[in-house]
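Asker: sequence and predicted structure are below.
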Amino acid sequence: MRFDPRPLPKEWIAETSKTEVWLSLLVPLGVLLLCCFLPTNTYILFQELDGHASRATQVYERLLSPSKPLDVVFLGTSHTMVSVNPKQIEQDLATQGITTSVGNISIPWHGRDMQYAMLKHLLSRHHPKLVLIEVRNIESRLSHKLFPYIADPFDLFSAPLLLNPSYFKNLAGLPGRNVRALGKSIHPEAFGMKAEPSYGEEYDFYQFEPHDESFSKEEMEEKKNEHLRAKRWRYLPEKLDWLEFRFPRHYRKEMIDLLEASGAKIAFLYLPFYGAPEHINDMDDLTKHGQVLMPPQAMLEDYSLWFDATHLNIHGAKKLSAWLGESLPDLLKQL
């Protein structure tokens, strides 16, 4: 066969070049998209969390437990995590003739998207009768820092895009996250992980982590002032709250919809900062869906009950849990 030195027709070259360009773009995108939806072991995802984030791992293990159902559940941030003692509440309810299982599945840091994800896990395995959602004076606009590490891919893609600066950052790590988790799920022990949790006698089903420090009134006032100086409650005029707080309100509505569909009763627990007034920006909307439990103002203003500007100490937790033990029977009677 002779070599034909004549050049290829220009249209062939153009067509080949376009095809190669499209393939060079579409093939990597296809691979990335495939990696976004690789099957993963959710427990492996949770076990990759460390430090304070490992609290989420403990909560997820609690949700996986088939032997101890959850009837009354508290869901919120570290404010609830360190302030609500489920064991004490169980015991207080028992003295009133109410036998029920109480759980605290709260996780540090703000972010309604993470609470939504944990609520989905809760409802997929348990049938709670009452769920109490933490609220404060005004919603946090932030996405939770752990959400992209454990969220379902569909939840990451369908998250609100408007005024959500974390949207693309959360998606960027998804392919790598799933590839790592898939590899580790093949042989978890090789990575110091477990295929499923174990529940020995030492396992703490109550997930209560209080602080035991306290400060003088002057120190607490300074902590509160530092907290207030660091906060910017709004960036836009109040009449534009529908826009500025669209992100957290979206997930709060999703949570309420899930709970109403499940038949669980909804209530809200107000846990603000030290000395905060009895005011909730979204009170009118909250009361459409459930009762808002407002701790006594004297408790919120008692400096000896606080660890810092936003967290009760162990003494405050005892008082708040005792107050909840007195308040919950009325809610439970309505079930």
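Answerer: Done, it's in.
Asker: C-alpha from now on. contacts and neighbour counts both.
Answerer: Will do.
Asker: what about the closest residue to residue 184 other than its chain neighbours, neighbour count?
Answerer: Take residue 184 and drop its neighbours on the chain: the residue closest to it by CA to CA, 6 or more residues apart in numbering is residue 191, 6.7 Å away. Residues contacting residue 191 under the criterion other CA atoms under 10 Å number 11.
Asker: now residue 19
Answerer: With other CA under 10 Å as criterion, residue 19 counts 12.
Asker: is it fair to say it lies in a strand?
Answerer: No - the assignment for residue 19 (DSSP: H, G, I helix; E, B strand; the rest coil) gives helix, which keeps it out of a strand.
Asker: next, count neighbours for residue 267.
Answerer: Neighbours around residue 267, by other CA under 10 Å: 20.
Asker: sec struct for it, please.
Answerer: Criterion first, three-state DSSP; result for residue 267: strand.
Asker: list the contacts of residue 256.
Answerer: 266, 289 (CA atoms under 8 Å, 6 or more residues apart in numbering).
Asker: now residue 290: how far from residue 26?
Answerer: 49 Å (CA to CA, to the nearest Å).
Asker: doesn't residue 181 make contact with the residue nearest to residue 184?
Answerer: No - using CA atoms under 8 Å, residue 191 is not in contact with residue 181; the gap is 10.6 Å.
Asker: give me the mean pLDDT for stretch 53-69.
Answerer: Mean per-residue pLDDT for stretch 53-69: 90.
Asker: now do stretch 204-216
Answerer: For stretch 204-216, the mean confidence score works out to 85.
Asker: measure it end to end?
Answerer: Stretch 204-216: ends 32 Å apart by CA to CA.
Asker: in that stretch, which residues are buried?
Answerer: For stretch 204-216, the buried set under the neighbour-count rule, 16 or more other CA atoms under 10 Å, comprises 205-211, 214-215.
Asker: of those, closest to residue 232?
Answerer: Of all the buried residues of stretch 204-216, residue 232 sits closest to residue 215, with 25.4 Å by CA to CA.
Asker: the closest one contacts residue 309, correct?
Answerer: No - look at residue 215 against residue 309 with CA under 8 Å: they stay out of range, at 10.6 Å.
Asker: quick one, helices of the stretch 101-250 of the chain?
Answerer: Secondary structure of the stretch 101-250 of the chain (DSSP state H, counting those that start in this stretch): helices located at 112-125, 147-150, 153-157, 167-172, 174-186, 217-230, 241-244, 246-262.
Asker: what is the fourth one packed up against?
Answerer: It refers to helix 167-172. Here helix 167-172 touches helix 147-150, helix 153-157, going by 3 or more CA pairs under 8 Å, 6 or more residues apart in numbering; DSSP states H and E.
Asker: for the second one, same thing?
Answerer: With contacts defined as 3+ CA pairs under 8 Å, 6+ apart, the secondary structure elements packing on helix 147-150 are helix 42-47, helix 112-125, helix 167-172, helix 174-186.
Asker: make CSV from those and add distance to residue 75 to it.
Answerer: Shown next, in CSV, are the helices and strands packed on helix 147-150 (distance: least, CA to CA, whole Å):
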stretch, distance to residue 75
helix 42-47, 18
helix 112-125, 7
helix 167-172, 23
helix 174-186, 26
